[in-house]
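1. model this:
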Amino acid sequence: MYLRCKYAGAVASLVLGWAVLGAAQQPSLVRPSKPFTVEISSIPAKIYSELDKSRVDMGQVFAVPKLKGYSEGTLPASYTLLFYKTRKWYAVAPSLRVCVYDVVPPGRMGCDDPINVLLMSPPKASANTKITALGEETVGGVRCTVERLTSSDPNVAPPGGLKMWVSKDLGIVVKAEGRGPDGKPMTLVSLDSVTLGKADPKLFVPPAYCQYAAGSAPPCK
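-> Now for the predicted structure:
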């Protein structure tokens with residue numbers, strides 16, 4: 001059982017360790033005004049976001065680097081749950097029949113929220129950041145405002161800036177394009193499918209075998 005719990009801890013750390021654009025993320029809660037489901041095939045992941053809770057499914061088995069106490073290889077499909085009101089965070093590996101949960105301190109909610117970890121919230125204009133509206137387009141199934149983002153701060157945008165497709169309803173970047181180190185255009189964010197509306201309530205019911213594990217929720221970095 002000890003080994004299985006250690007393995008679940010590795011799953012928990014990895015599930016919320018993927019960041020689409022880490023430098024542009026800020027550890028503050030982004031709370032969309034409408035419930036929705038979004039797929040990201042490049043990770044792969046599926047996110048169910050509602051006003052008081054969220055779930056991240058990591059899809060199929062994916063490759064991971066060597067971890068302390070583990071050999072290089074793969075981890076099974078897993079998912080996390082986060083309930084905003086109770087601040088309970090769950091990490092579940094169904095094939096191992098393992099589930100651990102923790103209570104997230106209020107100041108860390110932004111770090112554990114999958115909206116912040118796996119999705120990119122739109123940057124705001126400031127003294128060193130300029131946003132130019134380019135029009136509107138439908139991307140990933142939702143209507144978006146197309147914007148050009150330029151900034152003297154490399155933590156906000158890379159040299160050459162970013163072109164973003166922003167869903168105003170959801171408050172997230174549905175697509176973002178920039179240039180790589182070689183100067184060639186590259187897609188940085190691309191959400192394959194966005195569906196508005198609530199998900200099946202059963203997806204938010206933790207397994208009966210969940211065990212409390214203090215400190216298992218990933219810390220802010």
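2. Which of the three states applies to R108?
-> Per DSSP: H, G, I helix; E, B strand; the rest coil, the local secondary structure of R108 is helix.
3. That one against P219, yeah?
-> Yes. R108 is within contact range of P219, at 7.2 Å (criterion: C-beta atoms under 8 Å). All C-beta atoms are positioned from the backbone trio N, CA, C, and that covers glycine.
4. more neighbours, these two?
-> Under the criterion of other C-beta atoms under 10 Å, the comparison of R108 against P219 puts R108 first, with 16 against 10.
5. if I look at the more buried one, how far off is V98?
-> Computed as C-beta to C-beta, to the nearest Å, the R108 to V98 distance reads 23 Å.
6. domains for the chain, by residue range?
-> The chain is divided into the following domains under automatic domain parsing: 2-119+197-212, 129-190.
7. least reliable of the ones you listed going by mean pLDDT?
-> Among those, domain 2-119+197-212 carries the lowest mean pLDDT, a mean of 73.
8. With L82 as the reference, measure out to the residue lying closest to L170 once chain neighbours are set aside.
-> Spatially, and ignoring its direct neighbours in sequence, L170 is nearest to P32 (4.4 Å; C-beta to C-beta, 6 or more residues apart in numbering). P32 sits 14 Å away from L82, taking C-beta to C-beta as the criterion.
9. Going by how many neighbours each has, rank the two and give me the top one.
-> Shown here are P32 and L82; by other C-beta under 10 Å, L82 has more neighbours (25 against 19).
10. can you pull the alpha-carbon coordinates of the host helix or strand of that one into PDB?
-> Per DSSP states H and E, L82 falls inside strand 79-83. The C-alpha trace of strand 79-83 is given here as PDB (Å, rounded to 0.1, in the frame of the first residue of the first chain):
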ATOM      1  CA  TYR A  79      -7.600  12.700 -13.200                       C
ATOM      2  CA  THR A  80      -7.800  15.400 -10.500                       C
ATOM      3  CA  LEU A  81     -10.800  17.100  -8.900                       C
ATOM      4  CA  LEU A  82     -10.900  20.500  -7.300                       C
ATOM      5  CA  PHE A  83     -13.800  21.900  -5.300                       C
END
